[in-house]
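J.: need coordinates for the following:
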Amino acid sequence: MKKNTKLLLLALSIFLLLTGCNNGDNPSTTSAAEESISEETTTEETEARLEDDFYEAVNAQWLAGTELPATDIMVGAFTQISDAIEEQLMSDFESMKKGDTEVNNAQLDEFLKYYAMTEDYETRNAQGNEPLVPYLEQIDNLSSMEDLDTVLGDWMTQGMASPFSMSVMADMGNASVNALYASAPTLYLPDVSYYENATGTQLLEYFSQSVQECLVLSGYTKEEASSITAQAIEFDALLVPYIKSAEEASEYTLMYNPITMSEFAAYCSSLDLNNLVSKLVGTLPEQIIVTDPAFFEVMDELVNEENFEIMKSWLTVNTLYSLSSYLSEDYRNAMSSYSMILTGQMEMEEPQVVAYYLASTFYSEVVGNYYGETYFGQEAKEDVTNMVNNMIDVYIDRLNNNDWLGSETINAAITKLENISIQIGYPEELNPIYSQLIVKGTDDGGTVLSNAMAFSKILLADNFAKYGTEVDRSAWSLSADTVNAMYSPLTNAIMFPAAILQEPFYSLEQTPSENYGGIGAVIAHEITHAFDNNGAQFDECGNLKNWWTKEDYAAFEERTTAMVELFDGLEHAGGSVNGQLTVSENIADAGGISCALEITKSLPDANLEEFFTNWATIWRMKATSQIEQLLLTLDVHAPNKLRANVQLQNLEEFYSTFDIKEEDGMYLPEDKRVNIW
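T.: Just a heads-up that it's a prediction; the model follows:
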């Protein structure tokens, strides 16, 4: 899952853009990773009884025979599918680039042109820092907040670093219309909690070394690099008290803080926010939705003339980090040293693979649709569509027979289910924005970076142009080659890209019981997100609206609290699970396997052993201890092993199928078991 790994790292550590964390070949960075904060995990294989540890027993052979590649931070069912897709697509595209395979798709042809540029390391290395210089010079030329105010609008339309971010998406209060959102910047360390311990201090030292090396590559002296880095870290430290933790960010409703335009404009006396917003969306909105009020309420104390110099250095470092992956191998090697320490990656990714993902990032739907059209069959789409519809019917039936909800809430929940939009495989039509992503070749003065900036400007303009328009509820958020699935509360839609619809999740060659233990449980998981602690706040149209009676929501909160307590404090990878951080995904897992189990039991050839075994199979994973520790802090999902085992402990059918006794490790007392949906 190299692509998914990179996307995961982006979510965990935003300042590492695209492939900056998995690139190149540098013995010195490998050594740094070996000496990092904690050693790479090693799994001692033991013969586990399924009655004591179902996950270990089911996956014993795989765990014993699978090694974690030195270039990866994790390997498992998701990653192995993704790796196979990566290999297939790179082979296909290589054939196209050589002219052995005809290309009859203009957008795919542009992707191939850009791909050829990203993998031309000879040219990229010869260019050195030249493509980056104009962007750093824009920051170097700033001498005051007035200067920043003059250029900030243009910077935001290009995707340059800025003191805060703005974007357009569906209005949580009126999900049919797109609204303007303002968000706080991200921190250099993965989470605010890292700033409170020795680990964070050490990580900042590694981060500083990496940044300084890149600044020297960019033409700064060692003294200048040291000063810029220190000032950037100083400004980063000022932000920490006002940035949400991962736990706080996991609560969607806390994002919705609509204020008037005049209130927003008053947040910063050093910037003309009226002019900025007007430049971005062409008008002054009546309201702006602030996702991080704690930051914006003190923005005037942070973004001002007094802090200008350290903020200027912060902008330089952020720009360097966001753009360096488009430059030479020297930059990629320097940037990788910090991220490898953070994640425990032992060796950097092959340059050819890095080039592929760098190019496909901007053409994700183009690449995804090629994959879907080439490798995803209509028979599988129809079969999975039937599974989804069956699962919704089961949910409706379970709601009608629910014993802890009143009829008013049940009817509202069924209405929400009946309005869920289902997206399977890949979009029927390519987003027209891709016709604008035209590559400027090297012979015409184009570089990998200049094209990336041009693409960013087009995509940002497209996003800002959506302000005030009707939300496109048919738009896809995942490309078809992504091994994942999702539920969107703002559109009440579930999405299953073609890539995940294969073994061990799904196959026409697997038994129905196995498929329901795999993709069936995943389908029901995504449906359950409509009724987790976040999804339950949104109605059938995606509006943030209370559709519960007071008594029913109190009963739901009681069950939600029980799920928090079930996982909270469970030990894993030298740390413990945060039950509140992971509660939404744990609710979805519980509902997913419970509803998939109900359908499986109704099959004429039902085999619950196959069902439960494939459930444990899809969560198999090996990972570095560093990434597992990072995930404990940041990921809203519980660790894979616990997802596999703990949810089974809630199901009576699991106990009877495998004859689990009170003295067995998989036994959970009945009063501790949690069942919500």
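J.: okay, CA-based contacts and neighbour counts for the rest of this
T.: Will do.
J.: Phe308 contacts Asp147, correct?
T.: No - with contact defined as CA atoms under 8 Å, Phe308 does not reach Asp147; the gap is 10.6 Å.
J.: more neighbours: which of the two?
T.: Phe308 (18 against 13; other CA atoms under 10 Å).
J.: so how far is Asp236 from that one?
T.: Remark: distance between Phe308 and Asp236 (CA to CA, to the nearest Å) = 13 Å.
J.: which elements pack onto the longest strand along the chain?
T.: Longest strand of the chain, by residue count under DSSP state E: strand 174-183. For strand 174-183, the contact count by 3 or more CA pairs under 8 Å, 6 or more residues apart in numbering; DSSP states H and E identifies strand 165-171, strand 287-290 as packing neighbours.
J.: what mean pLDDT does it get?
T.: Rounded to a whole number, the mean pLDDT of strand 174-183 is 97.
J.: also stretch 609-621?
T.: 97.
J.: need the contact partners of it.
T.: 54-55, 58-59, 63, 74-78, 504-505, 513-518, 521, 597, 600, 640-641, 643-645, 648, 654, 657-658 (CA atoms under 8 Å, 6 or more residues apart in numbering).
J.: just the CA trace of that stretch, in CSV.
T.: C-alpha atoms of stretch 609-621 as CSV (Å, rounded to 0.1, in the frame of the first residue of the first chain):
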residue,chain,number,x,y,z
GLU,A,609,-16.0,-20.2,10.5
GLU,A,610,-15.2,-18.9,7.1
PHE,A,611,-16.9,-15.6,7.9
PHE,A,612,-15.0,-15.0,11.1
THR,A,613,-11.7,-16.2,9.6
ASN,A,614,-11.8,-13.8,6.7
TRP,A,615,-12.7,-11.0,9.1
ALA,A,616,-9.4,-11.6,10.9
THR,A,617,-7.6,-12.1,7.6
ILE,A,618,-8.4,-8.7,6.2
TRP,A,619,-6.8,-7.0,9.2
ARG,A,620,-3.5,-8.8,9.1
MET,A,621,-0.6,-6.4,9.3
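J.: enumerate the positions of that stretch that are buried.
T.: Applying a neighbour-count criterion of 16 or more other CA atoms under 10 Å, one finds 610-621 buried in stretch 609-621.
J.: same question for stretch 446-453.
T.: Of the residues in stretch 446-453, 447-453 count as buried by neighbour count, 16+ other CA under 10 Å.
J.: and for stretch 208-220?
T.: Buried residues in stretch 208-220 (16+ other CA under 10 Å): 208-215, 217-218.
J.: so which of these belong to helices?
T.: If you go by DSSP state H, the buried residues of stretch 208-220 have 208-215, 217 in helices.
J.: low pLDDT regions in the chain?
T.: Low-confidence segments of the chain, defined by pLDDT under 70: 1-46.
J.: mind jotting down where the strands sit in it?
T.: Going by DSSP E, the chain shows strands at 74-76, 165-171, 174-183, 258-260, 287-290, 421-425, 486-488, 493-497, 571-572, 575-576, 621-623.
J.: sheet-wise, list the partners of the last one with their directions.
T.: So that's strand 621-623. Strand 621-623 sits in its sheet next to strand 74-76 (antiparallel), going by DSSP bridges.
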